[in-house]
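Student: Sequence first, then the predicted structure, then my questions.
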Amino acid sequence: MLYFPRWKIYLIIAICVLGTILTLPNFFSRETLSSLPAWYGNSRIHLGLDLRGGSHLLLEVDMGAVIRDRVDGLVDSARTALRTANVGYTAINPGERGITVQLRDPAQAEDAAKALRGLANRVGGGALGGGQPDLDVTVNGTTIAATLSEAALRDRATQAVEQSIEIVRRRIDETGVNEPTIARQGTDRILVQLPGVEDPDRVKRLLGTTAKMTFRLVDMNADPTTGRAPPGSEVLPSVEGGRNQTAYVVRKKVEVDGANLKNATAGTNPQTGEWVVNFEFDGVGARRFADITKTNVGRPFAIVLDNKVISAPVIREPITGGRGQISGSFNAASANDLAVLLRAGALPAPLKVIEERTVGPDLGADSIRAGLISVVVGFVAVCVYMIAAYGLFGSFACFALLINIVLTVAALSMLQATLTLPGIAGILLSLGLSVDANILINERIREETRKGRGVFGSLEAGFTRAYSTIIDSNLTTVIKMALLFIFGTGAIKGFSVTITFGILISLFTATVLVRLMMVSWLRQSRPAALPV
């Protein structure tokens, strides 16, 4: 128990030195970190929202819009499928979760049902495919109902949230926000934390905009001032600057989808000097764009963003290069924001901000200062008590406590963890929990000394008998912290992580490092009695 082979001594020293080295990036400036290797410079603790300041947003995906999109697409698909199957019908009516088809001839009910079943997608099949159809088709005389199943609703909700998270991440990355936190919360919510954001309103606008862009032809034979549109068209408001026209009658058919955009950048028109957004299509989009501009020279071509016409230029000549330009009443900020939205892609459904908090940088700096002061005061108080109660062995415990803090910070740095105010509270609390092991050991040594044991016998018995108690007490605490991490959210998880690291590392510092220091001191000084 008191014997340390040379390799073990070197290993203990190496762990302490390595932990110290891994904590250093937390104290370097950004310029210094940029000159270091990425694996080392990136291994540091990130400050949470309450310490650095910034914005906290809780977004909710509008699942009603997701279902409506599927139902609207089902109406068009059903019309095509029934026409292909030569099934006559009088009406296709959309509902909340599906469509109903009224047939002319009840004898064609099975043919109609078969055609509608062919529109179903497979859900719940996993990576190997298969799964169940997302449509439940029922026949009732001349009425055929195609309804989205419960599995389909869950699957579309999952896909919508996952896709929204990815697009939100792209949009935030485009704005240059460092170290954002983007995570799913519940079934249809997304948590977004943006440390250091100085203009939360701009980020909120970017995240709240669906940015679903389509290119459609303008119906020249309809008057938008009447507010009515012929079949196959709709009246959309205009946000186009510099024109008196406030609305357009636009064909519902999408000629080119914004999903085919490859790139979008803000710039200025060299002739007029106004801000514009230049866009470029991928191969499929370029071909469609070229075909539609070839056959519709002289007609207005509406660029629709979130059901609003942002520009409706007249096609002067075929555009075959797959590039175009959006002009309007842009300034530098709005042009850049639109380019960001187009590059990141459209959200599958609108996002609603249901919770918003903003923490100023001054408040964050005050929190850091208060947290550091509390940790230092707590450390000093514990050290004063330990030295007063146990003398030299108490000072060994204080050094081990310092190494415990260093190794905890090193572990958090390796994980690139986000430190919050509750996390600092966890570090402070772990100081008291970590020193409990040294108190147990010193008290055991003191008891064995009072019984008349020798120096080395008292030391060995103190560590041996205290070890099981230390393991039991720390294990119960770790279990509690694990439950907090599993069932807690956000700051509660950070609190449990810092305490867990502090306790696990204390098993090394209190029972191994302190024992090495005590044994080394005993072998060098050969005291007649222990200083406890």
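Tutor: Structure's in. What do you need?

Student: From now on I want contacts and neighbour counts done on CA atoms only, so please keep to that.
Tutor: Noted.

Student: got a list of contacts for stretch 142-162?
Tutor: With contact meaning Cα atoms under 8 Å, 6 or more residues apart in numbering, stretch 142-162 is reached by 61, 63, 66-67, 97-106, 109, 112-113, 116, 123-124, 133-139, 184, 187-190, 348-349.

Student: Export that stretch to PDB, keeping only CA atoms.
Tutor: Taking C-alpha atoms only, stretch 142-162 is exported to PDB below (Å, rounded to 0.1, in the frame of the first residue of the first chain):
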ATOM      1  CA  THR A 142     -68.200   6.700 -54.000                       C
ATOM      2  CA  THR A 143     -66.000   8.400 -51.400                       C
ATOM      3  CA  ILE A 144     -62.300   7.400 -51.100                       C
ATOM      4  CA  ALA A 145     -60.400   8.800 -48.100                       C
ATOM      5  CA  ALA A 146     -56.600   8.900 -47.900                       C
ATOM      6  CA  THR A 147     -55.500   9.900 -44.400                       C
ATOM      7  CA  LEU A 148     -52.000  10.300 -43.000                       C
ATOM      8  CA  SER A 149     -51.300   7.600 -40.400                       C
ATOM      9  CA  GLU A 150     -50.000   8.200 -36.900                       C
ATOM     10  CA  ALA A 151     -46.700   6.800 -37.900                       C
ATOM     11  CA  ALA A 152     -46.600   9.200 -40.800                       C
ATOM     12  CA  LEU A 153     -47.300  12.200 -38.500                       C
ATOM     13  CA  ARG A 154     -44.500  11.100 -36.100                       C
ATOM     14  CA  ASP A 155     -42.100  10.500 -38.900                       C
ATOM     15  CA  ARG A 156     -42.800  13.900 -40.600                       C
ATOM     16  CA  ALA A 157     -42.400  15.600 -37.200                       C
ATOM     17  CA  THR A 158     -39.000  14.000 -36.600                       C
ATOM     18  CA  GLN A 159     -37.800  14.800 -40.100                       C
ATOM     19  CA  ALA A 160     -39.100  18.400 -39.900                       C
ATOM     20  CA  VAL A 161     -37.300  19.100 -36.600                       C
ATOM     21  CA  GLU A 162     -34.000  17.400 -37.700                       C
END
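
Student: Output the below-cut-off pLDDT ranges for the protein.
Tutor: Applying pLDDT under 70 to the chain flags the ranges 1-2, 122-131, 178-179, 198, 240-245, 361-364, 489-490, 532.

Student: what about the spatially most central residue of the chain, is that helix, strand or coil?
Tutor: Central residue of the chain (Cα atoms, centre = their mean): I182, 1.8 Å from the mean position. Here I182 is recorded as strand under DSSP: H, G, I helix; E, B strand; the rest coil.

Student: nearest residue to it other than its sequence neighbours?
Tutor: V192 (4.7 Å; Cα to Cα, 6 or more residues apart in numbering).

Student: Would you mind giving both backbone torsions of that neighbour?
Tutor: For V192, the backbone dihedrals (degrees, to the nearest 10) come out as phi -130, psi 120.

Student: for it, what are its contacts?
Tutor: 56-59, 180-183.

Student: Tell me how far it lies from L415.
Tutor: 20 Å (Cα to Cα, to the nearest Å).

Student: Also E356?
Tutor: 28 Å.

Student: didn't the residue nearest to the centre of the chain look like it was pressed against R171?
Tutor: No. Counting by Cα atoms under 8 Å, I182 sits too far from R171 to count as a contact (11.5 Å).

Student: about what we covered before: what sits against the residue nearest to the centre of the chain?
Tutor: I182 neighbours (Cα under 8 Å, 6+ apart): 165, 169, 190-193.

Student: again, only this time at 10 Å
Tutor: 57-58, 165-166, 168-169, 172, 190-194 (Cα atoms under 10 Å, 6 or more residues apart in numbering).

Student: Repeat that for D282.
Tutor: D282 touches 259-263, 322-323, counting by Cα under 10 Å, 6+ apart.

Student: which strands and helices sit next to the helix or strand encompassing T80?
Tutor: In this assignment (DSSP states H and E), T80 forms part of helix 63-84. If contacts are counted by 3 or more Cα pairs under 10 Å, 6 or more residues apart in numbering; DSSP states H and E, helix 63-84 sits against strand 89-94, strand 98-103, helix 109-117, strand 143-148, helix 150-175.

Student: Check which residues of it are buried.
Tutor: Buried residues in helix 63-84, counted by 16 or more other Cα atoms under 10 Å: 63, 66-68, 71, 74-75, 77-79, 81-82.

Student: Export these as CSV, with columns for distance to T272.
Tutor: Shown next, in CSV, are the buried residues of helix 63-84 (distance: Cα to Cα, whole Å):
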residue, distance to T272
M63, 43
V66, 41
I67, 44
R68, 42
V71, 44
L74, 45
V75, 45
S77, 45
A78, 48
R79, 47
A81, 49
L82, 52
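
Student: ok, of those, which one's closest to A510?
Tutor: M63 (53.4 Å; Cα to Cα).

Student: close enough to count as contact, the closest one and S164?
Tutor: No. Using Cα atoms under 10 Å, M63 is not in contact with S164, being 11.6 Å away.

Student: Spit out the residues that contact these two alike.
Tutor: Joint contacts of M63 and S164 (Cα under 10 Å, 6+ apart) are 188, 348-351.

Student: domains for this structure, by residue range?
Tutor: As given by automatic domain parsing, the domain ranges for the chain are 6-50+362-525, 67-152, 209-357.

Student: Using TSV, lay out those together with distance to P531.
Tutor: As requested, the domains of the chain are arranged in TSV below (distance: least, Cα to Cα, whole Å):
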stretch	distance to P531
domain 6-50+362-525	6
domain 67-152	66
domain 209-357	54
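
Student: Tell me which of those domains approaches D199 most closely.
Tutor: domain 209-357 (12.3 Å).

Student: biggest helix in this structure, by residue count?
Tutor: Using DSSP state H to define each element, the chain has its longest helix at helix 455-487.

Student: ok so, going back, can you list the contacts of D282 in a markdown table and add neighbour count and distance to L49?
Tutor: Shown next, in a markdown table, are the contacts of D282 (neighbours: other Cα atoms under 10 Å; distance: Cα to Cα, whole Å):
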| residue | neighbour count | distance to L49 |
| --- | --- | --- |
| A259 | 17 | 34 |
| N260 | 18 | 36 |
| L261 | 23 | 34 |
| K262 | 19 | 34 |
| N263 | 16 | 32 |
| G322 | 19 | 43 |
| R323 | 19 | 41 |
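
Student: From the residues you listed, which land in strands?
Tutor: 261-263, 323 (DSSP state E).

Student: Minimum distance to N26: which of the helices and strands packed on helix 63-84 has it?
Tutor: helix 150-175 (22.9 Å).

Student: okay, the angle between that closest one and helix 63-84?
Tutor: 120 degrees (axes from the mean of the first three to the mean of the last three Cα atoms, to 10 degrees).

Student: chain center to helix 150-175: distance?
Tutor: 11 Å (Cα atoms, centre = their mean, to the nearest Å).

Student: and if you look at stretch 521-532?
Tutor: Chain-centre distance of stretch 521-532: 56 Å, with Cα atoms, centre = their mean.

Student: Now do the contacts for D219.
Tutor: Contacts of D219 by Cα under 10 Å, 6+ apart are 229-230, 232-235, 248-252, 299-302.

Student: List buried residues within these.
Tutor: The buried subset of these (16+ other Cα under 10 Å) comprises 229, 233-235, 248-251, 299-302.

Student: Surely T358 is in a strand?
Tutor: Yes. Using three-state DSSP, the secondary structure at T358 is a strand.

Student: Now do the strands in the stretch 351-500 of the chain.
Tutor: For the stretch 351-500 of the chain, the strands defined by DSSP state E, counting those that start in this stretch cover 351-359, 418-419.

Student: any idea of the angle the first one forms with helix 63-84?
Tutor: Angle of strand 351-359 versus helix 63-84, following the same axes, to 10 degrees, is 160 degrees.

Student: helices and strands around strand 351-359, which ones?
Tutor: Applying 3+ Cα pairs under 10 Å, 6+ apart, we find strand 351-359 packed against helix 49-52, strand 54-61, helix 150-175, strand 189-195, helix 200-208.
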